[in-house]
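Chemist: got a structure for you, letters missing:
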């Protein structure tokens, strides 16, 4: 029989508690709140980072191939890759697809109201899955329709400012020699919740931009590359640069938008701070509960010592008792955290201001493996920390405690 475990079980489940009863409840509550806060913090920060990253990746692609020149213009210098060159790039193990695109600045004119925008042209092979997720009204561009070149996707921000809705038509002017104008129809209204994107971009047909700029059939403004493993983005970008002609270069979305991704990386510090603070709170409560439990049962410790039980085994009794409290608190905390997690994932009940946070709700994302590691880390740190105050048992004198009783 494991006597320390047997005795700890009797103390925990059957023993009569007096003063320590309130302390035990506070300790369990602190552990419950600690693991809840840690899991929720990790889930929210991971979800937030994923949502922002997916928005940038979905709109601009993971890697962008452009002309190797310095230019602050929104309009890219035309480039062209042969089918053989594209096939070589697509054979890279981390490359999923390569899509051509082009951009052209224009001015929307709606009933006397004007708005400067940047038309991003895509073709029928472009994966519009991300765009379809952002559509609020209407639908994505139908490249099989006869009027595909006149279809346009505009942001809800632009639609509200110009009082446009799905099906409305307007004129867009393109500043060139001579000035050219085209009539467009609003095919769909989207929102990325990123003011920088929604304010500037509209989505249209690549073939229209080719005709406006007198480009060849294979000429485009650039190529968007989608990758499988985003964590290998830098290495993939470097590999593609080695395969490209000297006049072209590959850059990735992190290099294009360093401010956003540096900000997202800084959020990892919040995870660490919350974890440390919550562990400190939990450990302090556990130490308090352990010391009070030891002092409250000093007579029992004295009797066990008088009967010949070693300090190590007596210490094990109280560590078993502490492990029960930790386990009970962690179970409650995990259950509550999981309930909140799935509630938010399915209902998006907790909202955010998209103009500030880029998302309209509190995003959450966490893996089961991460939850397990967080629990194991908290248990390990708590038990290691509790080993020190449990040394107080060795200082208890059997004679004094029995006499005191």
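Modeler: Arrived safely. As the structure is a prediction and not an experimental result, all values here were calculated from the model.
Chemist: quick one, helices of the stretch 301-405 of the chain?
Modeler: In the stretch 301-405 of the chain, the helices defined using DSSP state H, counting those that start in this stretch lie at 311-347, 354-357, 368-387, 398-404.
Chemist: most tightly packed of the ones you listed?
Modeler: helix 311-347 (a mean of 18; mean count of other Cβ atoms under 10 Å). Any C-beta I mention is one placed from the backbone N, CA and C, and that applies to glycine too.
Chemist: how far off centre is that helix?
Modeler: Centroid separation for helix 311-347 versus its chain: 26 Å, with Cα atoms, centre = their mean, to the nearest Å.
Chemist: still on that earlier bit, going by mean pLDDT, which of the helices of the stretch 301-405 of the chain comes out lowest?
Modeler: Mean pLDDT is lowest for helix 398-404 among the helices of the stretch 301-405 of the chain, at a mean of 59.
Chemist: how about CSV for the helices of the stretch 301-405 of the chain, with distance to residue 295 added?
Modeler: What follows is the helices of the stretch 301-405 of the chain, written out as CSV (distance: least, Cβ to Cβ, whole Å):
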stretch, distance to residue 295
helix 311-347, 11
helix 354-357, 49
helix 368-387, 15
helix 398-404, 10
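Chemist: so for residue 255, which of the ones you listed sits nearest?
Modeler: helix 354-357 (23.8 Å; Cβ to Cβ).
Chemist: ok, and what's touching the closest one?
Modeler: 48, 191, 193, 195, 360 (Cβ atoms under 8 Å, 6 or more residues apart in numbering).
Chemist: now flag whichever of the residues you listed is closest to residue 311.
Modeler: For those, the residue nearest residue 311 by Cβ to Cβ is residue 48; the value is 49.1 Å.
Chemist: count residues in the vicinity of the closest one, would you?
Modeler: Residue 48 has 20 neighbours, counted by other Cβ atoms under 10 Å.
Chemist: before we move on, the earlier item: I'd like to know which of the contacts of helix 354-357 are buried.
Modeler: Buried by 16 or more other Cβ atoms under 10 Å: 48, 191, 193, out of the contacts of helix 354-357.
Chemist: which one of those residues is nearest residue 232?
Modeler: residue 48 (22.3 Å).
Chemist: is it true that that closest one touches residue 366?
Modeler: No - applying Cβ atoms under 8 Å, one finds residue 48 not in contact with residue 366, separated by 11.8 Å.
Chemist: if we can go back for a sec, could you export the contacts of helix 354-357 as a markdown table, including distance to residue 208 and secondary structure?
Modeler: Formatted as a markdown table, these follow (distance: Cβ to Cβ, whole Å; DSSP: H, G, I helix; E, B strand; the rest coil):
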| residue | distance to residue 208 | secondary structure |
| --- | --- | --- |
| 48 | 37 | helix |
| 191 | 23 | coil |
| 193 | 27 | coil |
| 195 | 26 | helix |
| 360 | 32 | coil |
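Chemist: turn the residues you listed into CSV, including pLDDT.
Modeler: Compiled in CSV, the contacts of helix 354-357 are given as follows (pLDDT from 0 to 100):
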residue, pLDDT
48, 88
191, 91
193, 84
195, 82
360, 83
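Chemist: hmm, back to that, tell me which of the helices of the stretch 301-405 of the chain sits nearest to residue 168.
Modeler: When the helices of the stretch 301-405 of the chain are compared by Cβ to Cβ, helix 354-357 sits nearest residue 168, at 24.0 Å.
Chemist: quote the end-to-end distance of stretch 209-224.
Modeler: 17 Å (Cα to Cα, to the nearest Å).
Chemist: who's in contact with that stretch?
Modeler: Under Cβ under 8 Å, 6+ apart, the answer for stretch 209-224 is 60-67, 75-82, 86, 98-104, 119, 121, 174, 176, 180, 182, 206.
Chemist: list buried residues within these.
Modeler: 60-66, 75-76, 78-79, 81, 98-104, 119, 121, 174, 182, 206.
Chemist: quick one: the helices in the stretch 51-200 of the chain, in order.
Modeler: Under DSSP H, counting those that start in this stretch, the stretch 51-200 of the chain gives helices at 83-90, 129-134, 156-162, 195-200.
Chemist: run through who's touching the longest one.
Modeler: Outside of helix 83-90, the residues within contact range by Cβ under 8 Å, 6+ apart are 81, 95, 97, 98, 223, 225, 240, 243, 244, 245.
Chemist: and if you look at stretch 125-144?
Modeler: 54, 57-59, 97, 99, 101, 122-124, 148, 151-153, 156, 165-167, 186-192, 203-206, 226.
Chemist: ditto for stretch 267-278
Modeler: With Cβ under 8 Å, 6+ apart as the test, stretch 267-278 has contacts from 33, 34, 35, 37, 38, 41, 42, 45, 48, 49, 374, 377.
Chemist: and the fifth one, how many neighbours?
Modeler: Spelled out, it's residue 38. 25.
Chemist: mind giving me the packing neighbours of the helix or strand containing it?
Modeler: For residue 38, the host element (DSSP states H and E) is helix 20-60. Helices and strands touching helix 20-60, by 3 or more Cβ pairs under 8 Å, 6 or more residues apart in numbering; DSSP states H and E, are helix 129-134, helix 253-256, helix 258-266, helix 268-296, helix 311-347, helix 368-387.
Chemist: looking at this structure, which helix or strand is least sure?
Modeler: Lowest by mean pLDDT, DSSP states H and E among the helices and strands of the chain is helix 398-404, with a mean of 59.
Chemist: can you classify the closest residue to residue 82 other than its chain neighbours as helix, strand or coil?
Modeler: Leaving aside its chain neighbours, residue 82 sits nearest to residue 218 (7.8 Å; criterion: Cβ to Cβ, 6 or more residues apart in numbering). When classified by DSSP: H, G, I helix; E, B strand; the rest coil, residue 218 comes out as coil.
Chemist: can you tell me how far residue 218 is from residue 249?
Modeler: 19 Å (Cβ to Cβ, to the nearest Å).
Chemist: and if you look at residue 280?
Modeler: From residue 280 to residue 249 the distance is 49 Å (Cβ to Cβ).
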